[in-house]
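> pasting the sequence and the predicted coordinates here, then a few questions.
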There are 2 protein chains.
Amino acid sequence: MSSITIKDIAKICDVGVTTVSRAINNHPDINAETKQKIMDVIKEYNYVPNNSARNLKRTDTKTIAILVKAVDNPFFSKMIRVFEKNIHGRGYNFFLQHVDEQQDEISVALQLEKEKKLKGIVFLGGRFLNNEEKLKMLSVPYVLSTVGGIKIPDGSVGTCISVDDRKESEKIVDYLCELGHKDIAFLAAMADDEAVGKLRVQGYCDSLEKHGLTFDKDMVFYMDEKFEPYSMKTGYEMAKQLMGSGKKFTAIVCVSDMVAIGASKALFERGKKIPQDCSVAGFDGMSQSYYYEPSITTIKQPLDEMAEASVEAIFTMMETNKSIDSMLFKGELLKRKSTDRI
Amino acid sequence: MSSITIKDIAKICDVGVTTVSRAINNHPDINAETKQKIMDVIKEYNYVPNNSARNLKRTDTKTIAILVKAVDNPFFSKMIRVFEKNIHGRGYNFFLQHVDEQQDEISVALQLEKEKKLKGIVFLGGRFLNNEEKLKMLSVPYVLSTVGGIKIPDGSVGTCISVDDRKESEKIVDYLCELGHKDIAFLAAMADDEAVGKLRVQGYCDSLEKHGLTFDKDMVFYMDEKFEPYSMKTGYEMAKQLMGSGKKFTAIVCVSDMVAIGASKALFERGKKIPQDCSVAGFDGMSQSYYYEPSITTIKQPLDEMAEASVEAIFTMMETNKSIDSMLFKGELLKRKSTDRI
DNA sequence: TTGTAGGCGTTATCAT
DNA sequence: ATGATAACGCCTACAA
């Protein structure tokens, strides 16, 4: 049952293992004929080199890992394509690894770093707050992509790339204010979300203040742990809570497009019309927001740019071995049908 | 720069490498104190065992790989959770690997099988038609999950698990017929999709025939390669094509919920009302179909059951080393607002 | 152009 | 309970 190895191939071809290795790895100094013969035998016997053995021995791997937290974030799949293109374009391989909700992404990275002899790591999403100690343990450069506000600890090489959550959140609330809304509810992330969640609420506050509106903490609703975060379901539940609260509101700003869709459903169920009875805004700029009826006003995150910048950053850091300043990207306000003058 | 190894730990603790290995792997015959001391040192030095070396040496790994084609299929993420629960519940580890559109999933599996010493493989989605030769090369049992109609070649151990695409497609078209529709368009998968795509079209035909309606090939629209398959965009484009064709239709059945959402958008753009002017039906039963306005009539695939059956099957095959008959699951017709009497 | 031998970091075997 | 040592499968000096 033990499967075929390079030695077996060597024996069959009546050559040394080195020669087989050369054939496999496209080394230059090998006779074309012998190489052909070896490749034929390899194909015939379905020989597949053992990657563990390779990784163990190899030194210069030219591979970058992308660790994705929460696979089901449709948001990320577009970025991954950009990563792929750009990384391959530079002659590197990349390796996509999913990190599930319970796993700690840094621990996974630490393992992979050794196992695959990585040159760099891109984290797509994830929680890094209060994790400086662990980040410091990473011995290769890393990018926290779509993650803002993390301080890169001295002694490690990394950077953060994200949209300017606070400013963009302010921007979309500004828009609603300009449309004449004064009672604007906010459907936020989990109460303990210190990163994205908090920043977007702050932007909301910034805008209210700027427009002379008073912030009412009861107009902010936080996700319940028991629903999937950022999901339609959670938006639906929050909107029901809002409506049940008796608070008066003419607009709802949501922490994500999916939440906005869920909230809209709750409004429709109560017989409300969007935007006539209530305006609804999202955040992220996912294609769902366009296809929904009515199309949803949102902030489009510049995913392509951010992905490109991430690759750029990781390669720069791999060369210089020095951290780069964090980058904040601007979003784009997409004015659509779900919002209107009051 | 070379990182710390088991030998270093052994030296620091003044014990043999074997003892350290025992500590790491929770072997029974080791003194509790020495074990504690070793674990402390490991923590202090942030030692992480090299997985490549482990995999190389290990024999009994108790791990199953799940290869997912097209991560961004939101459809799969729910199943993955079920897999996780059930596999861990049986004391096995599992490893999630993403396979991108260009990669050949069987080749990836072949590599992983060796690299990770896998005991079994679950393929989630993917194309396997005319790939019997390659499937045969797999030396561990496998399940093709959400994939129907593939013949498991002799000489390998595997099975297929999927919804009964043909029957369920027939079922939803039946429902539209019962509502009085006679001009039913079908937005299908790619023309060359011999699996899911073809089966669902067949179900459509079955139903038409049963109801004494004549099949009109011009009422079937296939996805264009240039759009992302099964996406809202592709549904949108197909619906526009349909409307541009001049064909009369009172209902549209779509190959997926996402396609249905895209198609709905196109209808709305032309000022059509759903379901008053046109009924729309999807397939899959994704939560999106519920949250959309109007909620979309669809066939709900029993994802949980299918995932559980997949795990059940892989473990059974790992024990018996014999293939299992393919399984077809029934879906559930969810009657919602997007469809109505003509 | 080709082959031999040693070692990558770990675990398994066999002593002690 | 613990340790020395030989694999695991591959790559890479170095030698021929």
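All right, it came through fine.

> which stretches of chain A have low pLDDT?
A:1-2, A:71-72 (pLDDT under 70).

> for A:Leu213, give me its contacts.
A:Cys177, A:Lys182, A:Ile184 (Cβ atoms under 8 Å, 6 or more residues apart in numbering or on different chains). Using the backbone N, CA and C atoms, a C-beta is placed for each residue, glycine as well.

> which of the residues you listed sits closest to B:Ser287?
Each of these was checked against B:Ser287 using Cβ to Cβ; the closest is A:Ile184, at 26.9 Å.

> list the backbone torsions phi and psi for that closest one.
Dihedral pair for A:Ile184: phi -110, psi 120, per degrees, to the nearest 10.

> and it, how close does it get to A:Gly203?
12 Å (Cβ to Cβ, to the nearest Å).

> neighbour count: the two, which is higher?
A:Gly203 (25 against 22; other Cβ atoms under 10 Å in any protein chain shown).

> tally of neighbours for the residue nearest to the more buried one when sequence neighbours are not counted?
Distance criterion Cβ to Cβ, 6 or more residues apart in numbering or on different chains; nearest residue to A:Gly203, sequence neighbours excluded, is A:Ser169 at 2.8 Å. Neighbourhood size, A:Ser169 [other Cβ under 10 Å]: 29.

> cool, and A:Phe221?
26.

> what helix or strand is the residue nearest to it when sequence neighbours are not counted on?
Spatial nearest neighbour of A:Phe221, excluding adjacent residues (Cβ to Cβ, 6+ apart): A:Met238 at 4.4 Å. A:Met238 is part of helix A:232-244, with elements assigned from DSSP states H and E.

> so can I have TSV of the contacts of A:Leu213 showing distance to chain B?
Converted to TSV, the contacts of A:Leu213 look like this (distance: Cβ to the nearest Cβ, whole Å):
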residue	distance to chain B
A:Cys177	26
A:Lys182	26
A:Ile184	22
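
> please name the nearest non-neighbouring residue to the closest residue to DNA strand D within the stretch 51-200 of chain A.
Here the stretch 51-200 of chain A gets closest to DNA strand D at one residue, A:Ala53, 3.3 Å apart by Cβ to the nearest atom of the strand. With sequence-adjacent residues excluded and distances taken as Cβ to Cβ, 6+ apart, A:Ala53 is closest to B:Leu56, at 5.5 Å.

> by contact count, what packs against the host helix or strand of A:Leu208?
For A:Leu208, the enclosing helix or strand under DSSP H and E is helix A:196-210. Under the contact criterion of 3 or more Cβ pairs under 8 Å, 6 or more residues apart in numbering or on different chains; DSSP states H and E, helix A:196-210 touches helix A:165-178, strand A:184-190.

> partners of the last one, with directions?
To tie it back to what came earlier, the one meant is strand A:184-190. Strand pairing for strand A:184-190, determined by DSSP bridges: strand A:220-223 (parallel), strand A:251-254 (parallel).

> about what we covered before: and the contacts of the helix holding A:Met238?
By Cβ under 8 Å, 6+ apart, the list of residues contacting helix A:232-244 reads A:185, A:187, A:221-224, A:227-228, A:249, A:252, A:254, A:256, A:258-267, A:270, B:287-288, B:291.

> tell me which of the residues you listed fall in strands.
A:Ala185, A:Leu187, A:Phe221, A:Tyr222, A:Met223, A:Ile252, A:Cys254 (DSSP state E).

> by contact count, what packs against the longest helix along chain A?
The longest helix of chain A (DSSP state H) is helix A:303-320. Here helix A:303-320 is seen to pack against helix A:74-89, strand A:120-124, strand A:142-145, strand A:158-163, strand A:327-329 when contacts are counted using 3+ Cβ pairs under 8 Å, 6+ apart.

> quick one on the thing from earlier: what is in contact with A:Ile184 and A:Gly203 at once?
A:Val173.

> quick revisit: buried stuff in the helix holding A:Met238?
A:Met232, A:Lys233, A:Thr234, A:Gly235, A:Tyr236, A:Glu237, A:Met238, A:Ala239, A:Lys240, A:Gln241, A:Leu242, A:Met243 (16 or more other Cβ atoms under 10 Å in any protein chain shown).

> so how far is it off the chain centroid?
25 Å (Cα atoms, centre = their mean, to the nearest Å).
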